[in-house]
Structure formats: structure tokens, C-alpha cells
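Undergrad: Attaching a predicted model along with its sequence, questions to come.
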Amino acid sequence: MRLRILNSGHTFGTKLLFAVIRTVSRQPVLDVIKLVKYRADFYGAPMSRVTQEAMRGPSTWSVADRELMAAFVAKTNQCEFCIKAHSAVAQRAYGSGKNVSALLSDLETGAVVEPLRATLLMLGKLTREHTVDAEDIQPVLAAGASPQQVQDALAVCFSFNVVGRLADAFGFFVPGPEAFDAGAKYLLARGYR
Amino acid sequence: MSDIRQGQTMLVRRILEGDGKASSSERRAAFNNSGLAEPVGTLVDKVAKHAYRVTDEDIAAARESGLSEDQLFEIVVCAAIGQAAREYDTAFAALEAATRKG
């Protein structure tokens, strides 16, 4: 982590919480947790409300689909931490019937069904080119997504376009798969609060 | 149906108008990716457009320009949220236009 305050500038109570997390999970505290717990009133608390709504709020997209969108946005942003983190959550949410890594590497195999496929392509363009227009949205609607589903997907995209940028700018440490799997279990059980 | 717009408005208001270690004008400039002196301008532009290219040297240069770590924390957060919010707003407007046409 490039800023020392994000590693060790937390309050005494937060450091105690980190000790509990390390003991219970038997894994290091992920840098994303250190970020949201640092001066949480500035960023962590208001951002977590947005992310919780986007990822766990009412939507006709499943939790697994939304986590796949998060991983796809991360892949487009080339954010290694977020790709691994949200691939782990999506894989756990989908179960063994789908291979998230394969889905992310090729949307054209038919394994990603519509309207999710068209939605991911649109989110990819938005993330890569920083803009889309009505002509980019129309194929998503034509593929069967409702306007509300597009709006819900844009909410996921917003959250992970924030988090991915911060992960890369602050230089999040990328731990091994066990730490991400522990994080995935937590995020499926408790969400982003 | 999920709607993040209220939460997003509160988030943006907090980072731009609430208390901070960086000035409100610096935070707003980072959010808008506009009007920041070097080397902070380069750092903010990288965060907005291709954050994976941010280096230790970018952060070190911004620190050496006189910013504290808390100020850097706030400025980078504002840069990331500003860019993501512009992208969201653009896409939301495109959705409204596409729905009208449809």
C-alpha cells in the first residue's frame, strides 16, 4: 500500500477489529478493508452504502451476475486485486456449474447468456472508453434487458470503477487465493456493509 | 429495484463539501480532473483514465510537492469518484435517450 496511513493509521478500535479478523479468518486483512476503515466517515461509510445497494439491493440480476459484472469491470480496468476478489465471489455464488475465469476470458462461447452478455459488453465499453451513447444501450435492451436492469448494471459499474481505481492507485497488495476465498465467503454472507 | 443515486449524491457531497485535510477547491479540482498543478495533476489524470499505470514515483512526487498523506488520500478518492460519476451520468443519459427512442 503506497500510503502508510492506509496500512497503519487506523484508530485503536479499528486495529483491534483487524486483529479479530486475522484471528477468525486466519488470513491477512485485505487492503480494501483497510481502505474503507480509514477515516470511514470520509469515504468508507458513504461508499459502502452505495456498493451494498448496487451489489445486494433489490434487482432482477442475481448476486452472482452482479459479482461477474464487478469482475468484468475490474478486468477491463486491468485491476488484478478486484479481478481476483470478485471472480472468487462470483464463482462461489454461481457454484461449480460455471467457470468464472472462462466466462471472463471469452463472452462469445455461449456460456454467458443474454441479456447478461450484451450488458457486460456495454459495461466494458463504458469502462474502457469512459463513455457510451444511446446506440450502445439499444443492443442491451434489444437483447432483453429492461431499462431497470441497465440502470442496476450501471450502479455495479459505478462502484467498481471507483474501487478498482483506488486499488491500483493505492497499490493494494494482492494476496493468495485463500485470502480472496475468505473474503468471498464474508461478502456473500454479510454483504458490503 | 436498486437505486444508488441518493447514496451517490450523499457520497459526492461528503467528499467535496464535508470536512477534509485538503481544501474543498483541491478536492473539487481532483473530482473534475481539471485545474491541478503538477505533479498532482498527472497523478489525478492517471487515476481517472488508467489507474493501473499509477506508480510509486507518482505518489512520491505528489508527496514531495507538499501534500500530506491524508490530503493525498482525499485527492485520489475524489479523482476516482469523479471519473466514475461522470461515466455513470453519461451512461444514464444514454439509457434515457435509448428508452425514449425505443
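TA: Now that the structure is in, tell me what you want to look at. From a predicted model like this one, the values you see are computed outputs, not experimental measurements.
Undergrad: For chain B, what is the nearest residue in chain A?
TA: Nearest residue of chain A to chain B: residue A:57, at 3.3 Å (Cβ to the nearest Cβ). C-betas here are computed from N, CA, C, even on glycine.
Undergrad: The residue most central in space within chain A sits in which helix or strand?
TA: In chain A, the residue lying closest to the centroid (Cα atoms, centre = their mean) is residue A:70, at 4.0 Å. Taking DSSP states H and E as the criterion, residue A:70 maps to helix A:63-76.
Undergrad: Average pLDDT for that helix, rounded please.
TA: Averaged across helix A:63-76, the pLDDT comes to 97.
Undergrad: number of nearby residues for residue 82?
TA: All of this refers to chain A. By other Cβ atoms under 10 Å in any protein chain shown, 25 other residues sit near residue A:82.
Undergrad: The chain in question should be chain B.
TA: By the measure other Cβ under 10 Å, the count of residues near residue B:82 is 25.
Undergrad: In three-state terms, label it for me.
TA: Following DSSP: H, G, I helix; E, B strand; the rest coil, the label given to residue B:82 is helix.
Undergrad: residue contacts, the residue nearest to it when sequence neighbours are not counted?
TA: Distances taken as Cβ to Cβ, 6 or more residues apart in numbering or on different chains put residue B:31 closest to residue B:82, at 3.4 Å, once the chain neighbours are dropped. Residue B:31 sits next to B:12, B:15-16, B:78-79, B:81-82, B:85 when contact means Cβ atoms under 8 Å, 6 or more residues apart in numbering or on different chains.
Undergrad: So which of those residues is the closest to residue A:126?
TA: Using Cβ to Cβ, residue B:85 is the member of the contacts of residue B:31 that lies nearest residue A:126, at 12.6 Å.
Undergrad: and the helix or strand where that closest one lies with helix A:63-76, angle?
TA: Element membership for residue B:85 (DSSP H and E) is helix B:69-101. For helix B:69-101 against helix A:63-76, the angle by axes from the mean of the first three to the mean of the last three Cα atoms, to 10 degrees is 110 degrees.
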